[in-house]
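[1] here's a sequence, model it:
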Amino acid sequence: MPEYGRESVENVCNSVDIVQVVGEHVRLEKRGKSFFGLCPFHAEKTPSFNVNQEKQMYYCFGCQAGGNVLSFLMEHNKLSFPEALENLAERAGITLPTLHSDAPDVLARRQARERDLKVMAWAADVFHRQLLNDSLGREARDYLRQRGLSSELIISLKLGYGLPGWNTLLERGGAERIAEADLLRMGLAVQGEKGLYDRFRQRVMFPIRNRQGQVIAFGGRLLSESKESAGPKYMNSPETPLFSKGRELYGLDRAVKAISQAGFAIVVEGYMDAVTLWQHGIDNVVATLGTALSPDHAQILRRYTPLISLCFDADTAGQNAALRGIEVLEGKGLAVRVACLAEGKDPDEFLRKLGREEFLAAVGNDALPATLYRILRLSKLHDRNTPHSLGAFGAEAAKVLAGVSNALERDAYVKHVVRQYKLPEAAFLVELGKATGHRPADKLSKTRHNIADPGGAKAATPGWVKAARILLGILAKHEELRQSVFDTWARMGFIDEKYRHLATWLAREIGPSEDPMHLAHELASELKSELAAALTAENLEGNALGVANECFVKIEEHTLTQEIARVKEALADAEGETRGALAAQLADLQRRRKVPQREKVSQLRGYRT
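    Next comes the predicted model:
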C-alpha cells in the first residue's frame, strides 16, 4: 500500500466538498447551516444524518456514525484509505505523491480497472456501430422501432446489436489488439469445449452503466427466439470485477436527477420497461437486472429518495416479486407503494394502450400503499363467501395492519379495509386486538413507554459526556490551549478510554496548522464518531479556558458520584476499623461534591476570566 503524507491528505480534502461527495449517495436537504438526509449507515425514517459544509464533516444523531469525506467513502463504499484518497484526488484533478512510490499492488489494481473499463467501452462502441450499420443492424433497428423507440433515444442510450456469428466480437477484438483473456474476464466471451465464442449473439444490446456513467456490463434481448443456440430471451453479463447484478440498477446514472425532482423512484423489472418509460418522458425510473430487489438495491435507492413506486408485471410472478420487494425496501426504511396495472399488462403495454397520463396516475396517486397492497393480495386468496374463508381473510388482514406502528395511519387503514371488503367493524377490531397483543395498560407498560418510545428515542446525553465533548472541541480548535487543557484532564482522569485516546491524539499528533477532521481517517471508527459528535456541538460563547474548567468540574462531579456509590456499597458490608475508614472517606467525598461550582472552577490552576 502507498503511504501518503498528511500534506497530501489535507490538500485533497481542501479541494473537494463533502456535501457534493455525500450528495451523490444520500439525498440531502439544507436546514440552516447544515444538510440533512436519511443515514446510509442505519435504517431510519426521519433524517438524522447531518453534513456540515463549513466543518467538512458528517455526523448521524441516530447511530453516531461520523467523520470526514475520506471516512465517508471508506465506510460507505468499503474502500481502503488509499483507495478513498485516490478517488477524491482523481475527482479534484490532483496527482498524489507517495512516501513510498513503489506500490505495485495499488498500481496493478488501478491499471486492471482502467483496462476493464476500456474493454467495456470498446465493446459498447462495436455493438452500437453494428446496430447503426445499414445492412447488419436492420433487423435490430426494426425491432426497436416496433417497440416505439426513437432514433434519438437509441443513440442517447448507445443501444447496440450483437451479430449472429459465434466469434464476431472475438475477431474484432483481435484486430484491435484486445486480449481474449480480457474479453473472457469481462463476460463478453465464453469458454466452450472447442474454444472461446461470443456470449452475446443476435441480441439487441443494452449497455449497463455505473453511477458515473461508465459501461460495466451488458444486457441482451434475443431477436429470434427460434434460434435455440443463442440461449434465453434475456441475458445479462455474468459477475465480473466491474459488475454485480445484486448491487446495480439499470438506468440509475440517468434517473438520479429526475428521482430527486419527482420525489420518488419508479422501479420496473427489466431494461425494456425502463427504456419505454424514458421514451415517454418519464425519467425517474430504474430497473432490476434479472434478479429480485436486494438489500443493496434498497440501500442505494435510499440515498436518493424515501419513496418507491413498484411497477411490476400484473401476472402472478410480478405480483409475488412486488411482495418480496416490499419486504426488502421497508426493511431499509423506505415507504413503498405498488402500481396496480390492468390484468396481464406490463408497463410497456399499459403505456401503449392507455397513455402517459394514465400511467403517471397508476404509479402516483392511484398506487396502493404497501399495506393495502398486501391486503389486496390476501383478498385474492380468500373468496370470503363462507364464514371460514371470511374469518381467515380477516385474521390475516389484521396481522398485516398490526405491523403499522402509527395509530392514526392504522386507524385509517382499518376504516378502508372494513369498507372495501365489507367486514363487520367490531369483529375485525377484535381480530386486530389479537394480532397486536393488545392488553389494558398497566404500570409496567407505562414505565417501558417512558424509557423508550416505539421510534427508539435515546436517553439524553449525560452531562459529563457533553463536558468531555466540549473539551475535545477546545483541543481541536484552540492549539494554544492544547497542552494545558490536556495536562489538567490527564491529572483528573479521563473516565472513558476513548476520551484519553482522542485527547492524546489531538494534543500530541495534530500540528498547529492541521485540521483534525481532515485527518480523522487515522482514527478507529468509534473515535471518529466521537470526534464528529464533539465538533458537531454548538460553539460555546466566552473564554475557552473558563469553559474548559467548567467542563472539568462537571467531569469531577461525575467521578465523585461514582466513587460515592462505590464506597456506599463497600460500607454496607464493612465492619470495625474498615467501616470507620470508609465512613470518613464517604464524608470527604460528599463534602467535596457539595462545594459550589464557581468555587471549584476558581480553584482550578490556570483559571482566568
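[2] show me where the stretch 151-300 of the chain has helices.
    Secondary structure of the stretch 151-300 of the chain (DSSP state H, counting those that start in this stretch): helices at 151-157, 168-175, 180-185, 252-262, 271-279, 295-302.
[3] tell me what the third one is packed against?
    Applying 3 or more C-beta pairs under 8 Å, 6 or more residues apart in numbering; DSSP states H and E, we find helix 180-185 packed against helix 104-132, helix 168-175, strand 189-192, strand 195-198. In short, each C-beta sits where N, CA and C put it, glycine included.
[4] among the helices of the stretch 151-300 of the chain, which is nearest residue 342?
    Taking C-beta to C-beta, helix 271-279 is the member of the helices of the stretch 151-300 of the chain nearest to residue 342, at 15.3 Å.
[5] sorry, back to before: nearest approach to residue 339 belongs to which of the helices and strands packed on helix 180-185?
    Of those, nearest to residue 339 by C-beta to C-beta is helix 104-132, at 31.2 Å.
[6] need the next SSE after the closest one, C-terminal direction.
    helix 138-146 (DSSP states H and E).
[7] could you list the low-pLDDT ranges of the stretch 151-300 of the chain?
    Across the stretch 151-300 of the chain, the ranges flagged by pLDDT under 70 are 225-230.
[8] ok, now the chain?
    With pLDDT under 70 as the threshold, the chain has low-confidence stretches at 1-3, 98-107, 225-230, 343-344, 438-460, 513, 537-542, 596-609.
[9] show me how the record splits it into domains.
    According to automatic domain parsing, the chain comprises the domains 6-92, 106-236, 252-374, 382-451, 463-603.
[10] which secondary structure element contains residue 511?
    Applying DSSP H and E, one finds residue 511 in no helix or strand.
[11] and it, how many neighbours does it have?
    By other C-beta atoms under 10 Å, the residues close to residue 511 number 9.
[12] of the domains of the chain, which is nearest residue 246?
    Per C-beta to C-beta, nearest to residue 246 of the domains of the chain: domain 252-374, 4.5 Å.
[13] the strand or helix carrying residue 83 versus helix 104-132: what angle between them?
    Using DSSP H and E, residue 83 sits in helix 81-92. Here the directions of helix 81-92 and helix 104-132 differ by 50 degrees (axes from the mean of the first three to the mean of the last three C-alpha atoms, to 10 degrees).
[14] who's in contact with helix 81-92?
    Residues from elsewhere that reach helix 81-92 (C-beta atoms under 8 Å, 6 or more residues apart in numbering): 1-2, 4, 8-9, 12-13, 15-16, 21, 69-70, 73-74, 77, 79, 95-96, 103, 106, 110, 521.
[15] hang on, the earlier thing: closest one to residue 244 among the domains of the chain?
    Ranking those by proximity to residue 244 (C-beta to C-beta) places domain 252-374 first, at 8.2 Å.
[16] ok, then the element right after the strand or helix carrying residue 467?
    Secondary structure from DSSP H and E places residue 467 in helix 463-477. Using DSSP H and E, the next helix or strand after helix 463-477 towards the C-terminus is helix 482-492.
[17] from the contact counts, what lies against that following helix?
    By 3+ C-beta pairs under 8 Å, 6+ apart, helix 482-492 packs against helix 463-477, helix 497-508, helix 544-573.
[18] how about that helix: buried residues?
    Buried residues in helix 482-492, counting neighbours by 16 or more other C-beta atoms under 10 Å, are found at 482, 485, 486, 488, 489.
[19] could you find the closest non-adjacent residue to the last one?
    The reference is to residue 489. residue 503 (5.8 Å; C-beta to C-beta, 6 or more residues apart in numbering).
[20] quick one on the thing from earlier: separate out the buried members of the contacts of helix 81-92.
    Buried among the contacts of helix 81-92 by 16+ other C-beta under 10 Å: 2, 4, 8-9, 12-13, 16, 21, 69-70, 73-74, 79, 96, 521.
[21] measure residue 372 to residue 75 for me?
    Residue 372 sits at a distance of 37 Å from residue 75 (criterion: C-beta to C-beta, to the nearest Å).
[22] same deal with residue 297?
    From residue 297 to residue 75 the distance is 19 Å (C-beta to C-beta).
[23] out of the helices of the stretch 151-300 of the chain, which is the most enclosed?
    Of the helices of the stretch 151-300 of the chain, the one with the most neighbours on average (mean count of other C-beta atoms under 10 Å) is helix 271-279, at a mean of 24.
[24] how about residues contacting that one?
    147-150, 153, 157, 206, 208, 219, 221, 250-251, 254, 266, 268, 283, 285-287, 289, 311, 346-348, 351, 359.
[25] filter the residues you listed to the buried ones?
    Counted by 16+ other C-beta under 10 Å, the contacts of helix 271-279 give 149, 157, 206, 208, 219, 221, 250-251, 254, 266, 268, 283, 285-287, 289, 311, 346-348, 351, 359 as buried.
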